[in-house]
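**Student:** could you look at this predicted model? Sequence included:
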Amino acid sequence: MPDHESRPIVALAEAKKHFGPVRALDGVTLSVAPGDCIGLVGHNGAGKSTLVNLINGGLAPSGGTIRFDQGDDALTAGVRSVFQELSLCPNLSVAENLRISHSSLPRIGWRKPARAEMLASLDAIFPGHGIDVAGDVEIERLTIAERQMVEIAIGFAPRGSEARLVILDEPTSSLDAGIADQLLAHVKRFCAAGGAVIFISHMLGEVFEVASRIVVLKDGRIVAERATQDFTRQGLIDAMGHMTSDDASVETARQFGAEVLRTPEGLSARQGEIVGLAGLAGHGQAAALARFYLAKTSTWRASRTSDAVFVAGDRARDGVLPLWSILRNISIASLKLGARAGLVDRSAENEMAEGWKTRIGIRTDDLTRPILSLSGGNQQKALFARALANPAPIVVMDDPMRGVDVGTKQDVYAMIRAEAARGRTFLWYSTETEEVCQCDRVFVFRNGEISAELTGTEITEENILAASFEMQEAS
Amino acid sequence: MILLRKPWIWSWAAAALTFALTIALTSGRGGSELAYAALSFGAFAAIVGLGQMLVITLGPGNVDLSIPATMTLSATLALKVMASEPGTAFLGLVIALAVGFGAGLANFALIFLLRLPPIIATLAASLIYQSLAIWSNRGLRIKPPEPLADFATGRFLGLPNVAWVGLTLAVAVWIILERSVWGRWLLATGQNMRAARLAGVPVERVRATTYVTVATFAGLAGYLLASFSGGAALNMGAEYLLMSIAVVVIGGSSIAGGDSNVPGVWGAALFMFLVVSMLNSYGAGAGVRNVLTGTIVIAIVIAASTRRLRP
């Protein structure tokens, strides 16, 4: 802690939060002082989001205390949150979204100062962001990365007072490496100037780079809290309590089957191949995947077996059916398989979902609970189970690891490789280089077109970045 | 109590309460006659309500406003073809269902091909159906064939025949929604059409089937109502526009889609009849009756929806 004398902005003492029998947070003591940058890590369902919601006032604690140095609530203390699930209003413009949380703007003629404040904040954090603030485009017309940037910029914007503690919950999950670096640099500047940040991320590299102190949550309790330099990467993973699978070893050259798909953009894949789509976020990868998937499936016909299945990354928009149980969310893509005379075979449905729950490790004891009772990462696992349970030969994945923890990622990588070895083809768009490096072949996108095709040992971060940026450097 | 958490319990409780209040006035006499009348008249509301429920389940913006006109048109054409001749009842039924089926296809064609919002498409189409009904028999009232009229007003095992039809349909719809693949598809589409599409649900087929089903139900209801009331009238469907929506909402189905409630539709259909007869027997005038009906409906909807917010 660089500033020992200053009072903590927020101090939690034995804070608890129980949802019925579930102890989401089971006595957490933590204080955040000006200048702190706390890296908060833990597996899906460890209680990270609950902790955030206790600090920002979104949830009331079931026990313990939460004190602020200024005022009685998070708002007057200058606590701001940037959520993992994007929380902007999609039908409003960038400046209008700022207006919602900025009550001290004038009642009349607020648009101009709102635009100026947004632009200043975006420029400070993401120089060269290219988001059209003055044009008042609606949020829904921005890419998911741009939306995330706007959300972060609103978090740091002064909004009439001053941001003193900014909580970033998985802020880089849909940002590419370049933009993420800009954010990390800004976080460092912000903390050096006396601000505080709670940085939640599954990207341990980022946590090590930015945090001054790392707090490890497990099953609703803090199991380790030390200065960053006292942790090693392996030590941190051990503290989180998950074994890393060492068999993620170098692969022997695998044999692929015949070419099973080719799109107008030039994307192609052979049977059993894992094909990655890389490049900066919003350069046409997601659109290419959606076009391919929608062309492969019909809005009218549904045969017993499908040609392709889809794993959504934007859970709320493309994946989760919010009124349903986990069970029904998993089975929806495979109902036709066991159906007799148009009726669902419910015992087969149960068996299938239970099987996938164990295989992919969904943290629940009852699959009939609502899907929304799961944490974000566990919802994502359910979406994986939905897709993989259907034996379709092609699996399309649109940045599917958002909010998934390190240990689960390893499990999912292994599962994807196993399924590929059995002859399924994967199309995998990701903003994380680590994930792209799991692929057999990678297409790098730039401005909606394929700018490079990399195979085998050519798949490195340098090559991907080079192919992503080439044009910008030349122009 | 698990029963209290079911959103449909409120429409049944309301129906039971209004029933009790009404027969309390006559100190218990006339109870079975009142129940019989409620089942008879409620059956028509239940049949169109079940169809409307399926459409509303499709999600925000989905509603069929052409139900009254479809009822009128199919009843008019069916009675015209039957021409009061005995032995034509089955032919008339086929005509009525075919007219409903055709109206449903036309509605969905407008929605799908012209990308019209369902409210506009079905409202515009209903003007055409109503005009066709006027044009086809110039408002002449043709009596239903004698055996058919007897069936529509008759009873079996103490229950009105029309109620048996409505109950059978309700059971069928319940099985489809709860047990069939198509029902799952419908519920998924209503929650998030994009997510359903990406999960492999053939969403346009689901939508088309739903719009055809509601119109076919309307055709059936028109056929039965005309046979029940001694002939088709041009305004016979009028009260079923709001009725079909009201029974869905009171019955505990979510107006936001994706969550439907079959038992609630029947409970609400009975309630809607019973509340009017209750106010009648307490001597309320037409104006007071409407105000009270509206207030009671609002209260039921609030009761059903606040219950659901609790985990």
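**Tutor:** Yep, that arrived. Residues are numbered from 1 along each chain as shown, chains lettered A, B, ... in the order given.

**Student:** quick check: residues of chain B near chain A?
**Tutor:** B:175, B:179-182, B:184-185, B:187-188, B:191-192, B:194-205, B:254, B:258-259, B:311 (C-beta under 8 Å from any C-beta of the partner chain). (Glycine included, C-beta is placed from N, CA and C.)

**Student:** of these, keep whichever come out buried.
**Tutor:** For the residues of chain B next to chain A, a neighbour count by 16 or more other C-beta atoms under 10 Å in any protein chain shown gives the buried set as B:180-182, B:184-185, B:187-188, B:191-192, B:195-205, B:254, B:258-259.

**Student:** take these and keep only those in helices.
**Tutor:** Residues of these located in helices (DSSP state H): B:181-182, B:184-185, B:187-188, B:191, B:195-198, B:203-205.

**Student:** for residue 257, what are phi and psi?
**Tutor:** Because you didn't say which chain, this covers chain A. Dihedral pair for residue A:257: phi -90, psi -150, per degrees, to the nearest 10.

**Student:** give me the neighbour count for it.
**Tutor:** By other C-beta atoms under 10 Å in any protein chain shown, the residues close to residue A:257 number 12.

**Student:** and residue B:255, by the same measure?
**Tutor:** As a burial measure, residue B:255 scores 15 neighbours (other C-beta under 10 Å).

**Student:** surely it is in contact with residue B:55?
**Tutor:** No: at 11.5 Å, residue B:255 and residue B:55 do not qualify as touching, with contact defined as C-beta atoms under 8 Å.

**Student:** any idea whether residue B:72 is helix, strand or coil?
**Tutor:** Following DSSP: H, G, I helix; E, B strand; the rest coil, residue B:72 is assigned to helix.

**Student:** and residue B:113, how far from residue B:101?
**Tutor:** Note on residue B:113: its distance to residue B:101, by C-beta to C-beta, to the nearest Å, is 18 Å.

**Student:** more crowded one of those two?
**Tutor:** When residue B:113 and residue B:101 are compared for neighbours, residue B:101 comes out ahead with 16 against 9, by other C-beta under 10 Å.

**Student:** taking chain B, what residue is nearest to chain A?
**Tutor:** Proximity of chain B to chain A (C-beta to the nearest C-beta) peaks at residue B:204, 3.9 Å away.

**Student:** now the closest residue to that residue other than its chain neighbours: phi and psi?
**Tutor:** Once flanking residues are discounted, residue B:204 sits nearest to residue A:299: 3.9 Å by C-beta to C-beta, 6 or more residues apart in numbering or on different chains. With angles defined as degrees, to the nearest 10, residue A:299 sits at phi -90, psi 0.

**Student:** and residue A:299, what does it touch?
**Tutor:** The contact partners of residue A:299, by C-beta atoms under 8 Å, 6 or more residues apart in numbering or on different chains, come to B:197, B:202-205.

**Student:** let's see 10 Å
**Tutor:** Residue A:299 makes contact with B:112, B:197, B:201-208, according to C-beta atoms under 10 Å, 6 or more residues apart in numbering or on different chains.

**Student:** how about those in CSV, adding pLDDT and distance to residue A:106?
**Tutor:** Below are these laid out as CSV (pLDDT from 0 to 100; distance: C-beta to C-beta, whole Å):
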residue, pLDDT, distance to residue A:106
B:112, 93, 47
B:197, 93, 44
B:201, 93, 48
B:202, 93, 51
B:203, 93, 45
B:204, 93, 48
B:205, 94, 52
B:206, 95, 49
B:207, 95, 46
B:208, 95, 51
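
**Student:** taking the ones in helices among the buried ones among the residues of chain B next to chain A together, which two end up most distant?
**Tutor:** B:182 and B:198 (18.5 Å; C-beta to C-beta).

**Student:** just the closest residue of the stretch 151-300 of chain A to chain B, please.
**Tutor:** Nearest to chain B in the stretch 151-300 of chain A, going by C-beta to the nearest C-beta, is residue A:299, at a distance of 3.9 Å.

**Student:** related to what we said a few turns ago, can you pull the contacts of the residue of chain B closest to chain A?
**Tutor:** By C-beta under 10 Å, 6+ apart, residue B:204 lies in contact with A:298-300, B:108, B:111-112, B:189, B:193, B:197.

**Student:** got a winner among these for most neighbours?
**Tutor:** Highest neighbour count within these, by other C-beta under 10 Å: residue B:189, with 29 neighbours.

**Student:** which residues in chain B form strands?
**Tutor:** Taking DSSP state E to define them, one finds strands in chain B at B:155-156, B:159-160.

**Student:** does the closest residue to residue A:75 other than its chain neighbours count as helix, strand or coil?
**Tutor:** Nearest non-adjacent residue to residue A:75, counting by C-beta to C-beta, 6+ apart: residue A:57, 7.2 Å away. Of the three states, residue A:57 takes coil under three-state DSSP.

**Student:** any idea how far chain B is from residue A:57?
**Tutor:** Separation of residue A:57 from chain B (C-beta to the nearest C-beta, to the nearest Å): 21 Å.

**Student:** tally of neighbours for residue 34?
**Tutor:** All of this refers to chain A. Residue A:34: 20 neighbours (other C-beta under 10 Å).

**Student:** that's the other chain; I wanted chain B
**Tutor:** Applying other C-beta under 10 Å, we find 20 residues neighbouring residue B:34.

**Student:** tell me who's in contact with it.
**Tutor:** Per C-beta under 10 Å, 6+ apart, neighbours of residue B:34: B:18-19, B:22-23, B:26, B:273-274, B:277-278, B:281.

**Student:** pLDDT check: weakest of those?
**Tutor:** Minimum pLDDT for those is recorded at residue B:26 (78).

**Student:** next, the contact list for residue A:168, please.
**Tutor:** The contact partners of residue A:168, taken as C-beta under 10 Å, 6+ apart, are A:37, A:40, A:52, A:80-84, A:151-152, A:155-156, A:183, A:187, A:197-201, A:210.

**Student:** same deal with residue B:252?
**Tutor:** Contact analysis of residue B:252 by C-beta under 10 Å, 6+ apart lists B:6-12, B:259-265, B:267-268, B:300-301, B:303-305, B:307-308.

**Student:** with adjacent residues omitted, what lies nearest to residue A:362?
**Tutor:** Nearest non-adjacent residue to residue A:362 (C-beta to C-beta, 6+ apart): residue A:381, at 5.0 Å.

**Student:** which element is the one you found on?
**Tutor:** helix A:376-389 (DSSP states H and E).

**Student:** and that helix, what other elements does it pack with?
**Tutor:** When contacts are defined as 3 or more C-beta pairs under 10 Å, 6 or more residues apart in numbering or on different chains; DSSP states H and E, helix A:376-389 sits against helix A:48-55, strand A:308-311, helix A:326-331, helix A:346-360, strand A:394-398, helix A:406-421, helix B:193-198.

**Student:** can I get these in JSON lines including distance to residue A:13?
**Tutor:** As requested, the helices and strands packed on helix A:376-389 are arranged in JSON lines below (distance: least, C-beta to C-beta, whole Å):
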{"stretch": "helix A:48-55", "distance to residue A:13": "12"}
{"stretch": "strand A:308-311", "distance to residue A:13": "41"}
{"stretch": "helix A:326-331", "distance to residue A:13": "35"}
{"stretch": "helix A:346-360", "distance to residue A:13": "36"}
{"stretch": "strand A:394-398", "distance to residue A:13": "42"}
{"stretch": "helix A:406-421", "distance to residue A:13": "30"}
{"stretch": "helix B:193-198", "distance to residue A:13": "41"}
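
**Student:** ok, now which ones touch the residue in the stretch 351-475 of chain A positioned nearest to chain B?
**Tutor:** Proximity of the stretch 351-475 of chain A to chain B (C-beta to the nearest C-beta) peaks at residue A:386, 6.5 Å away. If a contact means C-beta under 10 Å, 6+ apart, then residue A:386 has A:309-312, A:319-321, A:328-334, A:353, A:356, B:198-200 as its contacts.

**Student:** any regions of the stretch 201-350 of chain A where pLDDT drops low?
**Tutor:** A:241-254 (pLDDT under 70).
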